[in-house]
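Enquirer: 3D model of this:
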Amino acid sequence: MPLDAAIIILRFVQYSGAMILFGSSLFLLYGGLLPPGNRALASWPNRLLLFAALAIVIAAPLQFFIQTAMLAGLPPFALDAATLKASLLEMSFGKSSLSRLALALIASVGIWLLPAGRALGLGVMILGALICASFAWMGHGAATEGAYGWLHLTADIAHSLGAAGWIGALVVFWFATRPQYLGSAYSSGLYRSLQKFSGTGTLFVAIITVSGLVNGIFLIGINPVQAFSTRYGQVLALKLAVFVIMLGLAAANRFRHVPALGHALADHASLVKLDRLRLSICMETVAAVLILALVSWLGTLQPPTAQ
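Expert: Numbering: from 1, shown residues only. Have a look, this model is predicted:
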């Protein structure tokens, strides 16, 4: 496998893990989805969060080794201790990788040893937020110099957190709408959670949009036509197209499928409406996965303003 492709895959794994650690734990805290005391329903979120944390534990050091080797012009197995130490302690991507590894390890141990509950969820959410923020230091946001550097970095962090809040909740809904977890009482709880997410999801979209516009100014400049003639611009255009599809699916969920589920609960036909909602959530989740893959690719390309 070419090293560039390996970097993209490892970025994708880390992005996905961070989205789940922050966004899924955040939603589980405010969404009120899991009935208290129901162990069958409460077991899969911890497994999901643990898997996400362990994925970062594995992917972060692998990406660091491969990226260091690429910068040094050497195969990964030929790296010496001095090169590794310099990359780890003196370069932003090394510090970012180290922080992600440490935070993900703490999250893994906490999820494994501590009892499930709001305290653990809050801790995992904070660790996930820090991991999301760390991506800004290995991406284009940290490369902007001068007085506007912190503005770009802040927008990059906000963009990551907004995306994580949206995608993490989607992952929870994707699991929560599986047939084995459904029942009349649980469908009512799912409906209330979907209503709670409707308002919060709008906030996430606003954060993503505003921070994306700020990032766009820094990365593609004020001439989008010229920018979209580059590979970076073309991948970004594809990402924006998928984002628009996600918005359409989210709007359908909020204004069509969720209200239909609410009406169906009164008529004891909720499972029929849940099938349609489940399909829409599945499609929205697939679109989110594609966006994360495109973001992972964008991180390896040079933006037009840097060319």
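
Enquirer: okay, now residue 89: neighbour count?
Expert: Residue 89 sits with 10 neighbouring residues when counted by other C-beta atoms under 10 Å. No exception for glycine: its C-beta is placed from N, CA and C like everyone else's.

Enquirer: can you tell me the SS state at the closest residue to it other than its chain neighbours?
Expert: Spatial nearest neighbour of residue 89, excluding adjacent residues (C-beta to C-beta, 6 or more residues apart in numbering): residue 95 at 7.2 Å. Secondary structure of residue 95, reduced to three states by DSSP: H, G, I helix; E, B strand; the rest coil: helix.

Enquirer: residue 95 contacts residue 102, doesn't it?
Expert: No. In this structure, residue 95 is not within contact of residue 102 by C-beta atoms under 8 Å, at 10.7 Å.

Enquirer: which of the helices or strands spans residue 194?
Expert: When elements are defined using DSSP states H and E, residue 194 is found to belong to helix 184-220.

Enquirer: any buried residues in that helix, and which?
Expert: Neighbour counts over helix 184-220 (16 or more other C-beta atoms under 10 Å) mark 186-187, 189-191, 193-194, 196-197, 200-201, 204-205, 207-208, 211-212, 214-216, 218-220 as buried.

Enquirer: now the helices for the protein?
Expert: 3-19, 25-31, 39-72, 81-90, 92-113, 118-134, 149-176, 184-220, 224-227, 231-252, 258-266, 270-298 (DSSP state H).

Enquirer: out of the ones you listed, which is closest to residue 304?
Expert: Evaluated over the helices of the chain, closeness to residue 304 peaks at helix 224-227, with 4.3 Å, by C-beta to C-beta.

Enquirer: and the helices of the chain, which one averages the lowest pLDDT?
Expert: If the helices of the chain are sorted by mean pLDDT, helix 258-266 sits at the bottom with a mean of 72.

Enquirer: which ones are touching residue 17?
Expert: Residues touching residue 17, when contacts are defined by C-beta atoms under 8 Å, 6 or more residues apart in numbering, comprise 52, 53, 55, 56, 59, 104, 131.

Enquirer: for residue 97, grab the count of nearby residues.
Expert: Residue 97 is surrounded by 26 other residues when neighbours are defined as other C-beta under 10 Å.

Enquirer: report the contact partners of it.
Expert: Taking C-beta under 8 Å, 6+ apart, one finds 60, 61, 63, 64, 88, 138 in contact with residue 97.

Enquirer: which of the residues you listed lies closest to residue 236?
Expert: With C-beta to C-beta as the yardstick, the closest approach to residue 236 among the contacts of residue 97 comes from residue 138, at 18.3 Å.

Enquirer: pretty sure that closest one sits against residue 91.
Expert: No. With contacts defined as C-beta under 8 Å, residue 138 does not count as touching residue 91, sitting 9.4 Å away.

Enquirer: in this structure residue 246 contacts residue 287, no?
Expert: Yes. Counting by C-beta under 8 Å, a contact exists between residue 246 and residue 287, whose distance comes to 4.6 Å.

Enquirer: adding distance to residue 300 and neighbour count, write the contacts of residue 17 out as JSON lines.
Expert: Converted to JSON lines, the contacts of residue 17 look like this (distance: C-beta to C-beta, whole Å; neighbours: other C-beta atoms under 10 Å):
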{"residue": "52", "distance to residue 300": "22", "neighbour count": "30"}
{"residue": "53", "distance to residue 300": "24", "neighbour count": "27"}
{"residue": "55", "distance to residue 300": "19", "neighbour count": "20"}
{"residue": "56", "distance to residue 300": "19", "neighbour count": "27"}
{"residue": "59", "distance to residue 300": "15", "neighbour count": "23"}
{"residue": "104", "distance to residue 300": "22", "neighbour count": "26"}
{"residue": "131", "distance to residue 300": "20", "neighbour count": "30"}
